[in-house]
Every structure is written in C-alpha cells, then in structure tokens.
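Asks: Test case, fold it:
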Amino acid sequence: MAHIDRLTVYPVKGLDALDVDHARVRPGGTLEHDREFALLDADGERVNAKQSDRFHTLQTSYDPETTTLRVTSPERREFTLDTEAGRAEAATWLTDALGLDGDMTLDRSTGLGHVDRQSMGPSVISTATLSTVADWFDELTVDSVRRRMRANIEVGGVPAFWEDRFVGADAPAFRAGDVRIEGVTPCARCVVPERDPDTGEPTPEFREQFLRNRRETFPEWADRDAFDHLYSLMVIARVPEADREERITVGDDVVVVP
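Replies: Numbers count the residues shown, from 1 in each chain. Just a heads-up that it's a prediction; the model follows:
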C-alpha cells in the first residue's frame, strides 16, 4: 500500500539531511526545520552548492532540540545556532571552509524557511523513482541518488515516477494522513545532482544519460505539457492553508484524491 516511507529536512541549506519520524507543516506551507538556516551574501542572496561544490565535502549533523550544528569533516566543530553570536561564528567558519568571498551571514527563518520556491511547499518523490534512476548509472546507489535529489517526502509502495501524475491538467492530489498535498510543478534540476554527494566531483555524462533514460521511461499517466524539459525529477508541492500546522508521519497511508 502507498505510504510515507521517509521524511527528510535540510536544516542548513546546502548541508546534510536530517531524517525525521514526523514533520509539522509550517504556517508558510513548508516542513518544520527544512532550510531553517541559510548563508546569505552581502546582497541577501542565498548561497548553496550551486555557488560552491565544497558543500559536498562537509559532513554535518543538526540537533533541532539544541539547535546545534556539528561538523565532523574536514574538521570537528560545533555551533549553536539559536543565538546571533553562534550564527556569526558558524557563518565565518563556513565562509572559509567553502572558499566563498565577501561578507556572509547565517540567517534563520522559522515561518517558511529558505526554500528556493517561497510560494510552494515540500518536494515529493517515490522510492521506486530513486531506485530506477540508480539503475541508470553503473556506480550509483539508491542512497546516492536520494542525496543528490534532496527530496522532503518519499513515498513507498508505488511505481517509479508516480509523483509525475500530480502536475498538469486535471492532476489529482494525495493525502498523507490528515494532510492534503497538491503538486505544483516538476522540479527542474540544476548542476547539483550531477555531482558525487561526498566529493563534489561531476559524474561523467550524467545529464545526457539522465535525459536519454527519462525520455524512454516517461510514464503514460503524466502530462508531458506540464514539463518544460525532461531534466526534471520529483515534484514541488503545496499544502493548503487549512492543513498547515498538521503533522505528516512516516508510515502514514497515502491516498490519491481529486
């Protein structure tokens, strides 16, 4: 049966994931703790792995109870992010570690988060999609593809590219427990999925091979007109205001609804 297989948030934009058993939907429609913090440059623009491939080389974890960011590689450091002083210290260290220029600040947003698409909500993909994409490449694993795609909601018990049905003309929605989730747009991919998530090294001909296989396996239930191009994977969704502040939980049944 279709179910929520995994919930993942990314507390510091560009850094490592935090898998959670449940996630509250924020008032802004995103998942609690997702992209809660982000490096901003002097112009207030968010900085992530598009600007520095060194993001991939940092190994980090985050404790939401204590707001502690721990770095385990390339060196061991610890920062408490609930104070301006702690965020300033982390910003200084990250700027140097990532090889960035200029004055950077680490900003906190608890109502919406520093997501790229501020009017939308969580991203959705199926476990079968990740497995299928991993099979397209000799050296990729499901976990490697998962880390490259960085989705929030992973649905199990459904076929590959199941999520593609939720965008386009007359697209349905789905419910996860008490939360209605509506597809908004396919997620056009940037350079980040082309890189090894541990080293930042590019995977040779990733984009070309991805596009070739995506064309060959594009599902009949999807609306091709909803896709500007096929270098796209996972769906960016929205949660209606009436269902915000509710929780999504791993194991919740997933039901397709009109």
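
Asks: just checking, next helix/strand downstream of the helix or strand of the chain with the lowest mean pLDDT?
Replies: Taking mean pLDDT, DSSP states H and E as the measure, the chain has strand 46-47 as its least confident helix or strand, at a mean of 94. Counting by DSSP states H and E, the next helix or strand C-terminal to strand 46-47 is strand 59-63.

Asks: Neighbouring strands of that next one in the sheet, and parallel or not?
Replies: strand 68-73 (antiparallel) (DSSP bridges).

Asks: Mind listing what's buried along the strand it pairs with?
Replies: By 16 or more other Cβ atoms under 10 Å, the buried positions in strand 68-73 come out as 69, 71. Every C-beta, even on glycine, is put in place using the N, C-alpha and C of the backbone.

Asks: just checking, next helix/strand downstream of it?
Replies: strand 77-80.

Asks: Give the rounded mean pLDDT of whatever helix or strand comes next after that next one.
Replies: Where DSSP H and E defines the elements, the next helix or strand beyond strand 77-80 is helix 84-97. The average pLDDT within helix 84-97 is 97.

Asks: chain center to stretch 161-179: distance?
Replies: 18 Å (Cα atoms, centre = their mean, to the nearest Å).

Asks: Kindly report the same for stretch 95-106.
Replies: 22 Å.

Asks: what about it, how long is it end to end?
Replies: 10 Å (Cα to Cα, to the nearest Å).

Asks: in that stretch, what counts as buried?
Replies: Buried residues in stretch 95-106 (16+ other Cβ under 10 Å): 95, 97-98, 100, 104-106.

Asks: can those go into a markdown table with extra columns for distance to residue 235?
Replies: Shown next, in a markdown table, are the buried residues of stretch 95-106 (distance: Cβ to Cβ, whole Å):
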| residue | distance to residue 235 |
| --- | --- |
| 95 | 33 |
| 97 | 33 |
| 98 | 29 |
| 100 | 31 |
| 104 | 31 |
| 105 | 32 |
| 106 | 29 |
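
Asks: now, among those, which is nearest to residue 68?
Replies: Residue 68 lies nearest to residue 106 out of the buried residues of stretch 95-106, by Cβ to Cβ, at 13.5 Å.

Asks: What does the closest one show for phi and psi?
Replies: phi -100, psi 110 (degrees, to the nearest 10).

Asks: Would you mind confirming that it is in contact with residue 95?
Replies: No. Contact criterion Cβ atoms under 8 Å: residue 106 and residue 95 do not qualify, at 9.4 Å.

Asks: what comes into contact with the least confident helix or strand of the chain?
Replies: 13-14, 38-41, 98, 100, 104, 114, 116 (Cβ atoms under 8 Å, 6 or more residues apart in numbering).

Asks: Mind giving me the ChimeraX command for buried ones among the residues you listed?
Replies: Those of the contacts of strand 46-47 that count as buried under 16+ other Cβ under 10 Å are selected in ChimeraX with:
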select :13,14,38,39,40,41,98,100,104,114
